[in-house]
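K.L.:
here is a sequence with its predicted model. Questions after.
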Amino acid sequence: MSRTLKRNKKLILAPADAVGRLMEIANRQGKPFYTLVSEILEQALEAHAVGVSLKELLESYLYVRTHSACGVALVPREVIVESISELNSSEKERFDKEWRKLGEKYGQYMSARIKDPLKFFEGLLKKGGLWDLNEACIEENEGVVRVRCVCPVLSVKETDILLNFVDGVMRAANYRSIKHDVVKGLVALEYTKT
Amino acid sequence: MLAAREDLVNQIGEIAKKNGTTLFALTNMALENLVDLDMLEAQFGEAVNAHKILKTAREAGFVLAPESLLYDTAERIYCTDEKWACKRWTEAGEWYGNYHRTKKPETRLNDVVNDFSLFFWNVREFNIIQKNGNMLLQCVVPRLPENYSLLFGMFLRGALSSLGYECVEENFVKGIFSLTFKPRC
């Protein structure tokens, strides 16, 4: 759906509202509209060349921004896992509480800032870098939200941490727990809206 | 209708064909994503970096942890068994350095330090200063507790050791630490 305009230029069809918003951006950035459109297409091609879409880049940006806003830091997994094993039981309890609190922070942040928090949360669990989960799925059916996370290599303690985090997020997003099914490496939870 | 460079439109058109979609759908998605990024006051480069952070974290075995808990745990472990804690962080750094070295053997030191600055957003600044053939790596860490900074320094030493650099001097002052490396012969 394109028409050759002049040598080296082509016209492409675009929705009027997108064109309007792009014009605003071009004006704000002080660049010609044609340059901005070409830049966007270049960026889309650049992203495609490294095997991602602009949508995925945008999602990654949102995940990292959420992490940074919620006060987390990256750490080698083995260091943190081995450190946990050195903690005594009251320190481990504190670990669970802190992860629940962190989940609540994420839940509040997502509820306040993200259009579809549950969908975003599913993406965050899958691709957001918190855990290297093999599977993360959030489904809503007849008022019941099912959260399922699978990662066979997680230790019992890490599974507890994941459970506390997910539960913290869901509670902060005003969901009430109705079912827990947790075994090492697998967390399956059900919630209803409060 | 909007005008764009013909070569770009053609390339996007080819990708659309391959993916079984239309040029209209694909360009629209790109335009919408850019508008969304702009609404978040973000630049394309920041989004690329964010993707790189998550991808590298996954590949290099990093996880996210609440900062306060991370610092407290590091403090506790350091005070209980300093030698063990330093060894674990150094080994983790060595592994990370090897990951970089084997992934891209042509990787320059600057690239690795740039990656550090993306990756460790809890560190405010990473600076590299060349000094008499040696390299001074300076980290500004005003928010990090001292013992965590020490362990993080061990991680950096381990990483650069795998990349062929030996730490010859270290300096820890609260809020800033600097490590001097020389290339191993």
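P.N.:
Received, thanks. Residues are numbered from 1 along each chain as shown, chains lettered A, B, ... in the order given.

K.L.:
would you mind measuring from residue B:138 to residue B:112?
P.N.:
15 Å (C-beta to C-beta, to the nearest Å). In short, each C-beta sits where N, CA and C put it, glycine included.

K.L.:
neighbour count: these two, which is higher?
P.N.:
residue B:112 (20 against 15; other C-beta atoms under 10 Å in any protein chain shown).

K.L.:
gap between the longest helix seen in chain B and the chain center?
P.N.:
The longest helix of chain B (DSSP state H) is helix B:82-103. The chain centre lies 15 Å from the centre of helix B:82-103; the measure is C-alpha atoms, centre = their mean, to the nearest Å.

K.L.:
next, count neighbours for residue A:177.
P.N.:
14.

K.L.:
also residue A:116?
P.N.:
10.

K.L.:
coming back round to it: who does the longest helix of chain B touch, helix- and strand-wise?
P.N.:
Contact here means 3 or more C-beta pairs under 8 Å, 6 or more residues apart in numbering or on different chains; DSSP states H and E; on that basis helix B:82-103 packs against strand A:72-76, helix A:77-85, helix B:67-80, helix B:109-119, helix B:146-162.

K.L.:
what's the angle from the following helix or strand past the last one to helix B:109-119?
P.N.:
Moving toward the C-terminus from helix B:146-162, the first helix or strand encountered (DSSP states H and E) is strand B:165-173. On the basis of axes from the mean of the first three to the mean of the last three C-alpha atoms, to 10 degrees, strand B:165-173 is oriented at 40 degrees to helix B:109-119.

K.L.:
distance between the helix or strand immediately after strand B:165-173 in the chain and the chain's centre?
P.N.:
As assigned by DSSP H and E, the chain's next helix or strand after strand B:165-173 is strand B:176-183. Distance of strand B:176-183 from the chain centroid (C-alpha atoms, centre = their mean) equals 18 Å.

K.L.:
same question, stretch B:95-105
P.N.:
The answer for stretch B:95-105 is 13 Å, by C-alpha atoms, centre = their mean.

K.L.:
what residues of that stretch count as buried?
P.N.:
B:95, B:96, B:97, B:98, B:99, B:100 (16 or more other C-beta atoms under 10 Å in any protein chain shown).

K.L.:
redo those residues as a markdown table? Include pLDDT.
P.N.:
A markdown table is the format used below for the buried residues of stretch B:95-105 (pLDDT from 0 to 100):
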| residue | pLDDT |
| --- | --- |
| B:95 | 94 |
| B:96 | 92 |
| B:97 | 92 |
| B:98 | 92 |
| B:99 | 91 |
| B:100 | 87 |
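
K.L.:
in JSON lines, list the residues you listed along with distance to residue A:65.
P.N.:
Output for the buried residues of stretch B:95-105, formatted as JSON lines (distance: C-beta to C-beta, whole Å):
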{"residue": "B:95", "distance to residue A:65": "28"}
{"residue": "B:96", "distance to residue A:65": "24"}
{"residue": "B:97", "distance to residue A:65": "28"}
{"residue": "B:98", "distance to residue A:65": "30"}
{"residue": "B:99", "distance to residue A:65": "25"}
{"residue": "B:100", "distance to residue A:65": "25"}
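
K.L.:
wait, what's in contact with residue B:19?
P.N.:
With contact set as C-beta atoms under 8 Å, 6 or more residues apart in numbering or on different chains, residue B:19 has these partners: residue B:26.

K.L.:
can you check residue A:92 too?
P.N.:
Contacts of residue A:92 by C-beta under 8 Å, 6+ apart are A:84, A:157.

K.L.:
got a pLDDT number for it?
P.N.:
On the pLDDT scale, residue A:92 is placed at 81.

K.L.:
give the buried residues for the strand or helix carrying it.
P.N.:
Using DSSP H and E, residue A:92 sits in helix A:89-113. By neighbour count on 16+ other C-beta under 10 Å, the buried set for helix A:89-113 is A:95, A:98-110.
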